[in-house]
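[1] just need the structure, nothing else, for what follows:
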Amino acid sequence: MKKLLTIALGLCLFAAGASAQEIDDRAQYQFNIDRDLWYNSPNAAGLALGEMAQWRNVALDYGLTAGSFRNAWDPATQSSFALRGDMLMELGIFKVAADVNLEKDALRRCKFNTSLYEVEWDMPYFAAMNLEETFPMSRTRASFDIKGAAPLLLDDQLAVGVDVKFDWRTAARNKNLRSRYNSLLLEIAPSAVYAIDDENRVGLTVSYKARPASNSLAASEETPVGVAFLQGLGYYSMLTVGGDFGVGRIGYRESLFGADLQYNRNGDAARWLVDLSLHKGGTRVSETGTSMGSVDRYLTGAKVQGLFGENRNRKLTARIDYNLNYWMQGLGGETSASNNLLDGGLDYTIYTGADAASNFDFVLGGGVDFLWMALRRYTPDAYLKTAHITPYVFLGKNIHFSKESDLLVKLHLAYNFAAGSDYKYLGSSAAGNVFVNYMYDNEVDYLSYYYLRTVLDAAYTYRINSLLKTYASARLGNNKPMGVKGTRLMAELSVGVMF
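    Predicted coordinates for the structure are as follows:
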């Protein structure tokens, strides 16, 4: 796995001599990416149409998150190391974008989840400890995303490209009981863009994703250990780990197939890109070949990007995603729940003093994010619902100290409003159910709080010469709920080089 990551990261290093570096600092890096419509879409062929400056970037990150204001299954503290690299380059006649990551996380004082890399609302089927103990876990992730676009065809009317993704994840709990989760995502998405005329283009992306995964459980002592297999909103069945009749390997097989349709309009006053998506798939969960449950998903979405102003210095982004999923239970595959998850946002960003080379003086703007969930289980009856609206504003200053050095500082403020957060479990075992009384009850308390989010970013760049730039960045954030004790702190440090 490390060899694969080294090869992918080596693409960035190999490309160092391909052409002159055009990005000089972190502020240019941010502005350069923000104002390219096709780069911020799922269509890889759009790389051939973009006006982005080229870059190569490698960084080493350290992150720390701690505090009591968190999801019920999240760790009390998490420390992370990451090696990251990304680039956009012309390699021969092709244009290539690559993003490579290697991450290692240490999680402390975890609860409940012993068998997934991370808990997601549309996947209820996983093993969990049915008591309030805390325990450590570790996680490792290696991933790369490579997009390539061929030269324009048919008198510059047609662009074709492909996006290939690889994502390997593992998580482990090394106490009694022992648990190890492994997953491997592979995704391929060919795409094309066709120019109707000088101002109008249409694009199509077709994608297929497969993610096989497994969870192996073992007891480190002779006495078998009990573990709960969750089946949604507080309902579970007990499994035995260890002994002659202990649970075997739990397998997950996820697949997703879909398409995105794009429309691009380039006018004198504005540029627009609209993306509509539809994906269908699911996850099948089994234990030594026996079905334990499944999830069917129907994912739809829309995203609109608009660029305005001189040197494309103003950007509007609107997005909405809808996840309709059904939970099926056991051998018969009877539908046990239907769930709705809707999230989206609206963002408007302005860069003042912008020029064609991605320089600017200030960045400012605001927007709003929203989330609505309605999960409903049939037998036993249970439901969980919540709605959130989070308006935010931000302001950043690009400070030029000298020809060699710059500092980008940015302050982001957001306030989360919650409404209608409620959870009910109507099964007969509710009184003695740990997941009902601790995991889900605590989670809906967390979802019901208003909170203030404050994030401060700073990135300092020093240019050694025309090709080599070093930088150091820091981020400090805090989520503070209103009216109750507790907080959630986040800090991240990064050192890197652009060449």
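[2] just the strands in the stretch 201-350 of the chain please.
    For the stretch 201-350 of the chain, applying DSSP state E, counting those that start in this stretch gives strands covering 225-230, 236-241, 250-266, 270-287, 290-308, 314-329, 334-352.
[3] I figured Leu273 hits Asp260, correct?
    No. Contact criterion CB atoms under 8 Å: Leu273 and Asp260 do not qualify, at 11.2 Å. Where you see a C-beta, it was placed from the backbone N, CA and C, and this is true even at glycine.
[4] check the offset of the longest strand along the chain from the chain's centre.
    As assigned by DSSP state E, the longest strand anywhere in the chain is strand 405-425. Chain-centre distance of strand 405-425: 16 Å, with CA atoms, centre = their mean, to the nearest Å.
[5] what's the answer for stretch 416-429, then?
    Using CA atoms, centre = their mean, the offset of stretch 416-429 from its chain centre is 26 Å.
[6] buried residues in that stretch?
    416, 418, 421, 423, 425, 427 (16 or more other CB atoms under 10 Å).
[7] so the nearest residue to the first one once chain neighbours are set aside bridges to which residues?
    Closest residue to Asn416 in three dimensions, ignoring its sequence neighbours and counting by CB to CB, 6 or more residues apart in numbering: Thr390, at 4.5 Å. The partner list for Thr390 in beta bridges (DSSP bridges) reads Asp369.
[8] residues touching Thr390, list them.
    368-370, 414-417, 453 (CB atoms under 8 Å, 6 or more residues apart in numbering).
[9] which stretches of the stretch 351-499 of the chain form strands?
    So, for the stretch 351-499 of the chain - with DSSP E, counting those that start in this stretch - the strands run 362-377, 382-400, 405-425, 451-463, 469-481, 488-498.
[10] next SSE after the longest one?
    Proceeding C-terminally, strand 405-425 gives way to helix 434 as the next helix or strand, assigned by DSSP states H and E.
[11] what residues does that next one touch?
    Outside helix 434, the residues touching it (CB under 8 Å, 6+ apart) are 130-132, 228.
[12] which one (most neighbours) among these?
    Neighbour counts for these peak at Ala228, which has 21 neighbours (criterion: other CB atoms under 10 Å).
[13] contact partners for it?
    Contacts of Ala228 (CB under 8 Å, 6+ apart): 127-130, 236-239, 434-435.
[14] any buried residues in stretch 195-210, and which?
    195, 201, 203, 205, 207, 209.
[15] the first one and Ser207, how far apart?
    In other words, Ala195. Noted for Ala195: a distance of 23 Å to Ser207, by CB to CB, to the nearest Å.
[16] pull the number of nearby residues for Tyr181.
    Tyr181 has 26 nearby residues by other CB under 10 Å.
[17] against Ala106, how distant is it?
    Counting by CB to CB - Tyr181 and Ala106 are separated by 16 Å.
[18] ok, Gly203 next?
    Distance from Gly203 to Ala106, by CB to CB: 42 Å.
[19] would you check that Gly344 makes contact with Phe370?
    Yes. Between Gly344 and Phe370 there is a contact at 5.8 Å, judged by CB under 8 Å.
[20] and among the strands of the stretch 201-350 of the chain, the most buried is which?
    Comparing those by mean neighbour count (mean count of other CB atoms under 10 Å), strand 225-230 ranks first with a mean of 20.
[21] how far off centre is it?
    29 Å.
[22] do the same with stretch 103-113
    18 Å.
[23] what does that stretch rub up against?
    By CB under 8 Å, 6+ apart, stretch 103-113 touches 72-82, 119, 126, 128-129, 132-142, 173, 435, 439.
[24] next: stretch 406-415.
    With CB under 8 Å, 6+ apart, stretch 406-415 has contacts from 24-27, 30, 363, 369, 390-401, 450-461.
[25] what ranges in this protein fall below the confidence cut-off?
    1-21 (pLDDT under 70).
[26] 80 - rerun?
    1-22, 220-223, 243-245, 330-333 (pLDDT under 80).
[27] quickly find the element holding the closest residue to Val162 other than its chain neighbours.
    Excluding the flanking residues, the one nearest Val162 by CB to CB, 6+ apart is Pro190, at 4.8 Å. Assigning secondary structure by DSSP H and E places Pro190 in strand 177-195.
[28] for that strand, list the C-alpha coordinates in PDB.
    What follows is strand 177-195, C-alpha atoms only, in PDB (Å, rounded to 0.1, in the frame of the first residue of the first chain):
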ATOM      1  CA  LEU A 177     -12.600  -7.500  22.300                       C
ATOM      2  CA  ARG A 178     -10.300  -6.900  19.400                       C
ATOM      3  CA  SER A 179     -11.800  -5.500  16.200                       C
ATOM      4  CA  ARG A 180     -10.300  -4.700  12.800                       C
ATOM      5  CA  TYR A 181     -12.000  -2.900   9.900                       C
ATOM      6  CA  ASN A 182     -10.700  -2.800   6.300                       C
ATOM      7  CA  SER A 183     -12.200  -1.200   3.200                       C
ATOM      8  CA  LEU A 184     -11.000  -0.500  -0.300                       C
ATOM      9  CA  LEU A 185     -12.800   2.000  -2.600                       C
ATOM     10  CA  LEU A 186     -12.200   2.000  -6.300                       C
ATOM     11  CA  GLU A 187     -14.000   4.500  -8.500                       C
ATOM     12  CA  ILE A 188     -13.800   5.300 -12.200                       C
ATOM     13  CA  ALA A 189     -15.600   8.200 -13.900                       C
ATOM     14  CA  PRO A 190     -15.100   8.800 -17.700                       C
ATOM     15  CA  SER A 191     -16.500  12.200 -18.900                       C
ATOM     16  CA  ALA A 192     -16.800  14.400 -21.900                       C
ATOM     17  CA  VAL A 193     -17.600  18.100 -22.700                       C
ATOM     18  CA  TYR A 194     -19.100  19.200 -26.000                       C
ATOM     19  CA  ALA A 195     -19.100  22.900 -27.200                       C
END
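[29] now for that strand, which elements pack on it?
    strand 158-175, strand 200-218, strand 250-266 (3 or more CB pairs under 8 Å, 6 or more residues apart in numbering; DSSP states H and E).
[30] identify the residues contacting Lys482.
    I think there's a mix-up here, since residue 482 is Met and not Lys. 449-452.
[31] then Val484?
    Counted by CB under 8 Å, 6+ apart, Val484 has contacts Tyr449.
[32] report the contact partners of Phe94.
    148-151.
[33] that one pairs with what?
    Leu91.
[34] do you know how far it is from Met87?
    With CB to CB as the criterion, Phe94 and Met87 are 13 Å apart.
[35] before we move on, what about Phe245?
    From Phe245 to Met87 the distance is 53 Å (CB to CB).
[36] equivalent analysis for Glu334, please.
    Distance from Glu334 to Met87, by CB to CB: 49 Å.
[37] then Gly242?
    48 Å.
[38] compare the two (neighbour count), which wins?
    Met87 (26 against 20).
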